[in-house]
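Engineer: I'll drop the sequence and a predicted model, then ask my questions.
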Amino acid sequence: MHTASLAFRFGLAELRWITAGLWGHVRWFHRFWFVVVMFTWLAADLLESWKPFAIVGAIALYFALWARFYPESYYRAISRPLWRRELWLDLIETWPLLMEECGLTSVVIDRAGEKHLRVPSIDSKHWRHNELVLAPGLLTGQTVEDFQAVADRLRTTVGATHIRVTGDLSPTLSFTFGDALAETVNRGLPDAGEPWDGHSVWMGVDTTDDDWWLRIAGTHTLVAGSSGSGKASLVWGVTIGLGPAIARGEAQVHGIDLKGGVELGMGKSLFTRYAVTPAEAVVVLEDAVEAMSARLERMAGNTRQHTASTDEPLVVVLIDEVAALTSYIEDRDLKNRARTAMSLLCSQGRAVGYTVVACLQDPRKETIPNRGLFTQMVGLRLRDREETSMVLGDGAIASGALCHKIPLSSPGIGYVVPEDGSEPVRVRAAFVDDDLIRAAAERFPAPSTIPVVLPEPTEKPRSSRARTRTKPDTEGTAS
Ligand SMILES: Nc1ncnc2c1ncn2[C@@H]1O[C@H](COP(=O)(O)OP(=O)(O)OP(=O)(O)O)[C@@H](O)[C@H]1O
């Protein structure tokens with residue numbers, strides 16, 4: 001009895017699915033359902049048979065079953081092309097109105113005094129996953145900036161979730177529909193035997209649902225994001241992504257955690273060097289500068305580009321909350337030494353396999369004076385337009401990289417501006433949980449660690465001012 005009731009409920013659920021599928025088809029074909037019904041009716045009448053209805057019904061049922069049991073192939077073969085076509089037809093129908101409403105048309109008066117509305121043409125169009133990419137032709141006197149200025153109006157009218165307006169001489173409009181980044185992406189443990197290309201690590205997905213690979217070697221990366229924006233996913237994404245290379249000795253990560261070890265402590269064994277205080281951090285940075293200089297000397301005249309190997313590994317200096325080192329500490333000497341060492345690493349380390357990945361919350365010039373030496377920027381959620389501009393630049397904002405518009409509910413989402421200056425890419429970093437960090441630390445420990453040895457405190461030479469102040473005292477004693 002119980003089994004029969006279960007079977008009945010299962011059958012009912014299936015029937016509901018299939019009916020929904022059939023209804024979906026009726027909706028898809030709503031533009032010409034009348035024609036289908038008329039032709040079927042006509043055929044049935046001519047043949048004096050019910051068979052045409054049965055054939056049309058069977059075809060609809062076939063598609064409904066396909067959608068039910070093979071939804072992915074159905075989506076690729078049927079729903080997506082139909083949806084794209086419908087959207088495109090709507091867009092070209094409303095394009096002149098859209099251009100006019102956004103102030104992108106112009107009026108010309110011919111010799112007879114008649115007014116003619118001129119509308120930017122659509123010179124080309126293609127789809128890239130869920131992105132519709134259009135290349136409108138500019139009217140005389142128009143610039144790409146004219147399109148960038150009304151980007152948000154274009155986006156909302158078209159019904160897209162995001163828009164990027166890029167290009168120097170002519171604009172390219174990329175409308176994103178749906179959000180491939182809406183769902184959290186989870187990171188898994190990399191395969192121990194996974195070969196490493198020596199350059200990049202997998203970090204998550206981009207807006208077209210492609211893999212996002214962050215370049216690490218040959219570039220210095222600054223990650224900026226407000227509190228809770230998901231910087232930890234970046235920090236651990238880089239470290240765990242390099243895990244197999246760390247375990248093989250092809251990469252070393254020197255971890256500097258200026259939150260006192262709260263962030264990096266859990267995966268300590270992944271780091272070849274590990275520092276939690278400003279004094280230790282400065283030792284790590286200065287030692288890295290020294291080793292980098294030695295490598296520079298070794299490479300001079302032999303090769304111009306470093307290749308990561310077990311003899312000469314890629315060294316990633318990973319700094320969480322870098323402002324605590326370059327700005328917030330009171331010890332001026334440490335602050336200046338840290339700034340100098342970071343500047344040297346950033347200006348000379350790229351070609352010889354020394355690279356810096358630094359995270360911070362506040363991207364102002366005062367907190368990170370050597371910001372300009374970072375060649376690759378990742379902007380997560382930021383507080384305002386000004387902060388976005390500081391991290392990614394005004395050009396990226398105009399192209400649609402709006403870090404200050406990333407909602408609080410989307411940690412890990414951000415924009416990357418690669419060092420080649422190409423267009424900003426919207427990305428979502430894969431989420432890393434504590435269990436994964438522990439598992440990675442266990443599976444990919446650094447083959448050797450180098451302890452951070454603080455120099456013995458030396459007595460400071462007394463300044464002339466100090467001497468002046470003590471003089472009356474001495475004199476007083478003498479008298
Ligand atoms: N990539 C991600 N996908 C989904 N959720 C995430 C992601 N990264 C982080 N989160 C969630 O957001 C919360 C805050 O993230 P995280 O600790 O990384 O922020 P943060 O920028 O490092 O903040 P703070 O600077 O204050 O330490 C986490 O507890 C986690 O639940």
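Structural biologist: Arrived safely, thanks for sending. Numbers count the residues shown, from 1 in each chain.

Engineer: shaky segments in the stretch 1-150 of the chain?
Structural biologist: Scanning the stretch 1-150 of the chain for pLDDT under 70 picks out the ranges 1-3, 17-18, 20-33.

Engineer: what's near enough to touch the residue of the chain with the smallest separation from the ligand?
Structural biologist: Relative to the ligand, the nearest point of the chain is residue 412 (2.3 Å; Cβ to the nearest ligand atom). Backbone N, C-alpha and C define where each C-beta goes, glycine included. Contact analysis of residue 412 by Cβ atoms under 8 Å, 6 or more residues apart in numbering lists 184, 185, 204, 230, 233, 380, 428, 429, 430, 431.

Engineer: for the last one, phi and psi?
Structural biologist: With angles defined as degrees, to the nearest 10, residue 431 shows backbone torsions of phi -80, psi 140.

Engineer: sorry, back to before: just the ones in helices from the contacts of residue 412, please.
Structural biologist: Among the contacts of residue 412, the members found in helices (DSSP state H) are residue 233.

Engineer: from the contacts of residue 412, which would you call buried?
Structural biologist: Buried members of those, scored by 16 or more other Cβ atoms under 10 Å, are 185, 204, 230, 233, 380, 428, 429, 430, 431.

Engineer: residue 404 belongs to a helix?
Structural biologist: Yes: Residue 404 forms part of a helix when assessed by DSSP: H, G, I helix; E, B strand; the rest coil.

Engineer: okay, and residue 315 sits in which element?
Structural biologist: strand 314-320 (DSSP states H and E).

Engineer: partner strands of that strand and their direction?
Structural biologist: strand 251-257 (parallel), strand 354-360 (parallel) (DSSP bridges).

Engineer: mind listing the strands for the stretch 101-250 of the chain?
Structural biologist: 106-109, 115-118, 122-128, 131-136, 162-166, 172-176, 200-206, 211-215, 221-224 (DSSP state E, counting those that start in this stretch).

Engineer: if we can go back for a sec, how far off centre is the following helix or strand past the strand holding residue 315?
Structural biologist: The helix or strand immediately downstream of strand 314-320 is helix 323-326, counting by DSSP H and E. Offset of helix 323-326 from its chain centre (Cα atoms, centre = their mean, to the nearest Å): 24 Å.

Engineer: the closest residue to residue 454 other than its chain neighbours: neighbour count?
Structural biologist: Spatial nearest neighbour of residue 454, chain neighbours left out: residue 279 (5.7 Å); criterion: Cβ to Cβ, 6 or more residues apart in numbering. For residue 279, the count of nearby residues is 17 (other Cβ atoms under 10 Å).

Engineer: same deal with the one 4 residues further on?
Structural biologist: Using other Cβ under 10 Å, the number of residues around residue 283 comes to 20.

Engineer: quick one, phi psi at it?
Structural biologist: Dihedral angles (degrees, to the nearest 10) for residue 283: phi -60, psi -50.

Engineer: now it. Nearest residue, chain neighbours left out?
Structural biologist: Per Cβ to Cβ, 6+ apart, closest to residue 283 is residue 452, 5.2 Å.
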